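Undergrad: any chance you could fold what I've pasted below:
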Amino acid sequence: MKNIFMRAAMLLAVAATAFAFTACNDDDGDGPKPFESELIGSYVPRVDQAAYDFGIFLSTEWNEKGAPSLPLNGDPDNAIGWELIEAMLPMMGGAYYAQGLVGLELQNDGRVGAKYRSVTLENGIADIFNPTFSEEVFTFPDAATLPMVPADAVRYYTQNGRLYLTVSKEFISKIDPGTLGKPICTMVEEMISQYKLGLVSNKDIFAVPFKYTVEGDMLTLYVDREMILPFRGLLADLIGQLVPDEGVSMDETMTIAKADILKFVTDIFDNSTKFELGIKLTKQAE
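TA: Numbers count the residues shown, from 1 in each chain. Model prediction:
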């Protein structure tokens, strides 16, 4: 059973990589140019606890078919509605975001740094709503991470209203032991080809794209429906591979059928007219 969960986790990690990664085109020009970006600076999560705003937002609109729901025990009259998910996801994710991330550094040479607190679920998945964060603040990269993650393995650049977080293919190749039978880079490239995702990768990097807006000292990073729509088929196939045929048991009396999970996910793509998921940060004064 442990191996099944490990395989599922690895497949989901690969899917997330393929979902998010796109790369820039090479532009040799006349040689190296000084790094430029309007986003250079230090940031912290933008949180207003009094307003129950934990820095993560999810905003959706739906066509005449309406928002999706997730039936329990196959009963459409006993279902988890999208309204609950849209309310709970920013609060749950926001708790991790607001308390886990201490600061984000978009440095003036294109490197990325972060300060964070580690998180522990002391009673396993039962504590997912009640995580424990360390008092100690860690730094990335630091002396402990540099042997595994070189300082330039994760970088960023901005172009045409998007921020790209780049990851070195050389670094990915070094840390991937081929657990799934082939290198992760190869798997991502095959997904791009198989699902006609329209993504591009150059010989050196993958890059994670986010749209962004800047209003005063607030930076908003987000993905929207246009960016996620091409991945409908990929996610549907992953559900087919990862979810057991008997569905997922929440407890001894509650099961979510595999077909209902698949319909729920595909309805998000098919029925939405707007889908935006993102984070808000505050830029610190220099």
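Undergrad: tell me where the chain has helices.
TA: 2-20, 82-100, 169-175, 184-194, 225-228, 232-242, 258-271 (DSSP state H).
Undergrad: need the contact list for the nearest residue to residue 268 once chain neighbours are set aside.
TA: Closest residue to residue 268 apart from its sequence neighbours, by Cβ to Cβ, 6 or more residues apart in numbering: residue 68 at 5.7 Å. For glycine as for every other residue, the C-beta is placed from the backbone atoms N, C-alpha and C. Counting by Cβ atoms under 8 Å, 6 or more residues apart in numbering, residue 68 touches 82, 263-264, 267-268, 271.
Undergrad: can you rerun that using 6 Å?
TA: Counting by Cβ atoms under 6 Å, 6 or more residues apart in numbering, residue 68 makes contact with 82, 264, 267-268.
Undergrad: so can I have JSON lines of those showing distance to residue 51 and pLDDT?
TA: Output for the contacts of residue 68, formatted as JSON lines (distance: Cβ to Cβ, whole Å; pLDDT from 0 to 100):
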{"residue": "82", "distance to residue 51": "22", "pLDDT": "96"}
{"residue": "264", "distance to residue 51": "29", "pLDDT": "96"}
{"residue": "267", "distance to residue 51": "30", "pLDDT": "97"}
{"residue": "268", "distance to residue 51": "27", "pLDDT": "96"}
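Undergrad: nearest to residue 38 among the residues you listed?
TA: Distance to residue 38 across the contacts of residue 68 (Cβ to Cβ) is lowest for residue 268, with 32.3 Å.
Undergrad: separation between residue 35 and residue 203?
TA: From residue 35 across to residue 203, the span is 20 Å (Cβ to Cβ, to the nearest Å).
Undergrad: out of those two, which sits in the busier spot?
TA: residue 35 (14 against 8; other Cβ atoms under 10 Å).
Undergrad: I figured that one was touching residue 110, is that so?
TA: Yes. Look at residue 35 against residue 110 with Cβ atoms under 6 Å: they come within range, at 4.7 Å.
Undergrad: quick revisit: phi, psi for the residue nearest to residue 268 please.
TA: phi -70, psi 160 (degrees, to the nearest 10).
Undergrad: state the pLDDT value of residue 147.
TA: Residue 147 is assigned 81 on the pLDDT scale.
Undergrad: identify the bridge partners of the spatially closest residue to residue 37 that is not a sequence neighbour.
TA: Residue nearest to residue 37 in three dimensions, not counting chain neighbours: residue 158, with 4.5 Å by Cβ to Cβ, 6+ apart. Applying DSSP bridges to residue 158 gives these bridge partners: residue 163.
Undergrad: what number of residues lie near residue 158?
TA: When neighbours are counted by other Cβ under 10 Å, residue 158 comes out with 17.
Undergrad: quick check: pLDDT value at the residue nearest to residue 268.
TA: Reported pLDDT for residue 68: 97.
Undergrad: what of residue 5?
TA: So, for residue 5, pLDDT stands at 40.
Undergrad: now residue 114
TA: 95.
Undergrad: identify the residues contacting the residue lying closest to residue 249 once chain neighbours are set aside.
TA: Leaving out its chain neighbours, the residue that sits closest to residue 249 by Cβ to Cβ, 6+ apart is residue 255, at 5.1 Å. Counting by Cβ under 6 Å, 6+ apart, residue 255 makes contact with 73, 247, 249.
Undergrad: wait, which of these is closest to residue 180?
TA: Proximity of the contacts of residue 255 to residue 180 (Cβ to Cβ) peaks at residue 247, which lies at 24.5 Å.
Undergrad: separation between the nearest residue to the closest one once chain neighbours are set aside and residue 66?
TA: In space, residue 247 comes closest to residue 257 once its chain neighbours are excluded; the distance is 4.5 Å by Cβ to Cβ, 6+ apart. Remark: distance between residue 257 and residue 66 (Cβ to Cβ) = 20 Å.
Undergrad: compare those two (neighbour count), which wins?
TA: Neighbour totals were compared for residue 257 and residue 66, and residue 257 leads with 18 against 10 (other Cβ under 10 Å).
Undergrad: mind checking pLDDT for the more buried one?
TA: At residue 257, pLDDT is 95.
Undergrad: next one: residue 32
TA: Confidence score, pLDDT, at residue 32: 54.
Undergrad: show me what contacts residue 122?
TA: By Cβ under 6 Å, 6+ apart, the neighbours of residue 122 are residue 132.
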